[in-house]
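Visitor: What would the 3D arrangement of this be:
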Amino acid sequence: MFFDWTYIVLVMPAVIFSLWASVKVNSTFKKYSSVRPLSGMTGAEAARRVLDANGLYNVRIERISGNLTDHFDPRTNVIRLSDSVYSASSTAAIGVAAHEAGHAIQYAKGYVPLKLRNAIIPATNLGSRLAMPLILLGLLFSSVGQHFVYVAYAGIICFALSTVFQLLTLPTEFNASRRALASIENAGLLYGQDLDGARKVLSAAAMTYVAALAVSIMQLLHLISIVGGRRR
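Guide: Below is the predicted model of the structure:
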């Protein structure tokens, strides 16, 4: 029986880290969802306050179903907040809502990592569909001719596009959180321990993106080791 030790050594630790980050963000959000801020402000109201403070009166705020499905859609210029954020009055809701407003500010100011990430989305989507078929075909036919290994390498390049996307996501998310916390503090939306709670929620959320990048890098290295071994 074939035992892929490189998967155990490279990918599994990153997968475990990703699972831990997911549990951490959910538990942290749940904890601070029960902490009501002194202002009594909802997530939607907080996002509106941050947007208006930055002159983004044209950005709309809508409710979306689901849990932690919050996002900013630059195509429609809309911030969509989940049920647990939109009408909730908690330090967690204000933190998440302000974070999404931070993305809208990035878009308005032409934040470079965000522009680069958005620019490679079509290539990333195509690469994610082609990566594994090309790798499998290249490995399958490499027994016929070694030149087919280059087909597998083309698949690795396609897969690497998703790693680049994850890499560009990191500064985008960290910057949005910094903008959110600065806006929360400047506007007096949260104070003291409430502000610390929002910071902990956003820090936990940021770790999920760090984990996603780690998994992508380790999977990329794993694929390179497999194809490289077949070439030898």
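
Visitor: Which stretches in this structure count as helices?
Guide: Taking DSSP state H as the criterion, the chain carries its helices at 5-6, 12-33, 43-53, 83-86, 91-109, 112-119, 121-141, 149-186, 192-231.

Visitor: Identify whichever of those lies nearest to Phe72.
Guide: When these are compared by C-beta to C-beta, helix 91-109 sits nearest Phe72, at 3.9 Å. C-beta coordinates here come from the backbone N, C-alpha and C atoms, glycine included.

Visitor: now the closest residue in space to Arg199 that isn't next to it in sequence: how far from Ala88?
Guide: Leaving aside its sequence neighbours, Arg199 sits nearest to Leu181 (C-beta to C-beta, 6 or more residues apart in numbering; 5.9 Å). Using C-beta to C-beta, to the nearest Å, Leu181 is found at 19 Å from Ala88.

Visitor: likewise Cys158?
Guide: 40 Å.

Visitor: Same check on Asn118?
Guide: 29 Å.

Visitor: now, of the helices of the chain, which is deepest in the fold?
Guide: For the helices of the chain, the largest average neighbour count (mean count of other C-beta atoms under 10 Å) is found in helix 91-109, namely a mean of 26.

Visitor: Dump that helix to PDB, keeping only the CA atoms.
Guide: Output of helix 91-109 as PDB, limited to C-alpha atoms (Å, rounded to 0.1, in the frame of the first residue of the first chain):
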ATOM      1  CA  THR A  91     -19.100  44.300  20.000                       C
ATOM      2  CA  ALA A  92     -18.600  41.400  17.600                       C
ATOM      3  CA  ALA A  93     -21.300  42.700  15.200                       C
ATOM      4  CA  ILE A  94     -19.800  46.200  15.200                       C
ATOM      5  CA  GLY A  95     -16.300  44.800  14.600                       C
ATOM      6  CA  VAL A  96     -17.300  42.700  11.600                       C
ATOM      7  CA  ALA A  97     -19.500  45.400  10.100                       C
ATOM      8  CA  ALA A  98     -16.700  48.000  10.400                       C
ATOM      9  CA  HIS A  99     -14.300  45.500   8.800                       C
ATOM     10  CA  GLU A 100     -16.500  45.200   5.700                       C
ATOM     11  CA  ALA A 101     -16.800  49.000   5.600                       C
ATOM     12  CA  GLY A 102     -13.000  48.900   5.700                       C
ATOM     13  CA  HIS A 103     -13.100  47.000   2.400                       C
ATOM     14  CA  ALA A 104     -15.300  49.600   0.900                       C
ATOM     15  CA  ILE A 105     -12.800  52.300   1.900                       C
ATOM     16  CA  GLN A 106     -10.000  50.300   0.300                       C
ATOM     17  CA  TYR A 107     -11.900  50.000  -2.900                       C
ATOM     18  CA  ALA A 108     -12.700  53.700  -2.900                       C
ATOM     19  CA  LYS A 109      -9.100  54.700  -2.300                       C
END
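
Visitor: Much appreciated, bye for now.
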